[in-house]
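In: Need a 3D model of the following:
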Amino acid sequence: MAKPPSPITPQVANLAEKLLEDIRERGLRPGDRYLTTLDASRLLGVGNGAANRALQLLECRRVIVRQQRRGAFIDTLPDEGRPPPLHRVHFLTHPLFLRTEGLGNDQLLIGMQRELPGVHVQLSFLPSGDEGALVQQLIAEALASQTTDGFVLVRASCETQRLVAGSGLPAVVFGSVHPGVGELAFLDRDMYSGGRQLAEWLIGQGHERLAYLNRHLTYPGDHATIDAVSDALAAKKRRANALAIRCLPPDSEVCVTEIVRLLERDDPPTGFICRTRRIAEAAEVAVERLGLRRRDIDVAVCDYYLKRGERARYVYPKPLSGEEEQGQHLARLLLAGLHRHHEQENHALIPVELEFPSARVSI
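Out: Numbers count the residues shown, from 1 in each chain. Model prediction:
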């Protein structure tokens, strides 16, 4: 039997567990004063930002309460709190999306903890081959457990979605659901609206021909974006060949070479909608390689995952719900599936609006 993927606990959860061990070892009781952010930073050997997020996670779990100007105090002992309705939540995804799109980040986890205090979150990486066997094994282990596990599926294949949908376990797709796989809750950005806004902005910049550069793996949300771009071009009465579509692998040189080919055509696209920042950066390299004028070409990005403190370099459709709020929504959808609340909406689209960098990148 295939060995299941090794689960990874997010860093903020590991740091919070170290703080819980500290509370147990010191025998602290409700009402006792706890560490400041600076003290927690020294104990954990991390920066103030990471220490603050670990304390924030304990607050979400209702282990501590933090009061302005007074500090943190023990609220509920770690082992005496009410057990969460879900013991564990598995994030099933591929390593590529964790590295390039920031999935499973701290704020998302903190949002889930606000709705499900004490739940364990694990990131389980899916392989590129034999994915079904591994998912079946994870489901079998969850069904055999005396506790209840839930699943969050991120960029999952139709096979994985179908297997989880048939398991009866609480599950939610963080993204779009493949047609015909069964009833699954989902939370996704409004991909159609984002694609339409990007296309209309590029058309407004004077671009007659656009290119949509997607990942080599295509998901239903990508179809919605392509439809939106096509509809925007049709509404402006652009010609039938006004949109070039390419699906590119996660290889920067392949992306650059294909974009160069597009730009060398007799009637090349001059407005680029890139699914990821990696593809957008490849577009910049292609333009530089051909020695084209930067002001003649615009690049926008569909999925833009910024690190803490990082500023955007490209125009992109920004979700109007923050990551913490998205984590809360995922948890509520899981709870609805756990309690079979069929009368509740089992899906939600996050509205988006275009975000422009302070100095717009026009290449």
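In: Return the list of strands paired to the strand or helix carrying Phe151, each annotated with direction.
Out: Using DSSP states H and E, Phe151 maps to strand 149-154. Note on strand 149-154: by DSSP bridges, its sheet partners are strand 88-93 (parallel), strand 171-174 (parallel).
In: for it, which positions count as buried?
Out: In terms of neighbour count (16 or more other C-beta atoms under 10 Å), strand 149-154 has its buried residues at 149-154. Heads up, the C-betas are built off the backbone N, CA and C, glycines and all.
In: Then stretch 20-35?
Out: Neighbour-count burial for stretch 20-35 flags 20, 23, 28, 34-35 (criterion: 16+ other C-beta under 10 Å).
In: thinking again about what came up before, closest to His223 out of the strands paired with strand 149-154?
Out: strand 171-174 (15.0 Å; C-beta to C-beta).
In: Put the alpha carbons of the closest one into CSV.
Out: Output of strand 171-174 as CSV, limited to C-alpha atoms (Å, rounded to 0.1, in the frame of the first residue of the first chain):
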residue,chain,number,x,y,z
ALA,A,171,-15.1,18.8,3.5
VAL,A,172,-14.8,22.1,1.6
VAL,A,173,-13.0,23.0,-1.6
PHE,A,174,-10.9,26.1,-1.3
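In: ok, back up a step: so which of the buried residues of stretch 20-35 comes closest to Ala224?
Out: Distances from Ala224 to those, taken as C-beta to C-beta, are shortest for Leu20 (42.3 Å).
In: ok, for that closest one, nearest residue in space, not its chain neighbours?
Out: In space, and not counting its chain neighbours, Leu20 is closest to Pro78: 4.6 Å by C-beta to C-beta, 6 or more residues apart in numbering.
In: does the one you found really touch Arg24, like I thought?
Out: Yes: counting by C-beta atoms under 8 Å, Arg24 is a contact partner of Pro78 at 6.4 Å.
In: got the contact list for Gly150?
Out: Residues near Gly150 by C-beta atoms under 8 Å, 6 or more residues apart in numbering: 86, 88-90, 169-172, 334, 337-338.
In: what's the closest of these to Asp222?
Out: Asp222 has its nearest neighbour among the contacts of Gly150 in Val172, at 19.7 Å by C-beta to C-beta.
In: how about TSV for the buried residues of stretch 20-35, with distance to Ile297 and pLDDT added?
Out: Below are the buried residues of stretch 20-35 laid out as TSV (distance: C-beta to C-beta, whole Å; pLDDT from 0 to 100):
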residue	distance to Ile297	pLDDT
Leu20	52	92
Ile23	56	93
Leu28	60	92
Tyr34	54	95
Leu35	52	93
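In: Among the residues you listed, which are located in strands?
Out: Under the assignment DSSP state E, the buried residues of stretch 20-35 contribute nothing to strands.
In: hey, where'd the helices end up in the stretch 151-300 of the chain?
Out: 158-167, 191-204, 220-235, 252-263, 277-290 (DSSP state H, counting those that start in this stretch).
In: Can you say which of the ones you listed is packed in most?
Out: helix 191-204 (a mean of 22; mean count of other C-beta atoms under 10 Å).
In: next SSE after the lowest-mean-pLDDT helix or strand in the chain?
Out: Lowest by mean pLDDT, DSSP states H and E among the helices and strands of the chain is helix 95-101, with a mean of 60. Helices and strands here follow DSSP H and E; after helix 95-101, the next one along the chain is helix 106-115.
In: Now do that following helix: everything it contacts.
Out: Contacts with helix 106-115, where a contact means C-beta under 8 Å, 6+ apart, come from 10-13, 53, 56-57, 60-61, 89, 119, 121, 322-332, 335.
In: next one: stretch 294-311
Out: For stretch 294-311, contacts defined as C-beta under 8 Å, 6+ apart pick out 49, 100-102, 191, 194-195, 198, 201-202, 205, 207, 225, 270-277, 280, 283-284, 287, 312, 314-318, 355, 357-358, 361-363.
In: measure that stretch end to end?
Out: 20 Å (C-alpha to C-alpha, to the nearest Å).
In: which parts of it are buried?
Out: Result for stretch 294-311 [16+ other C-beta under 10 Å]: buried residues 297-305.
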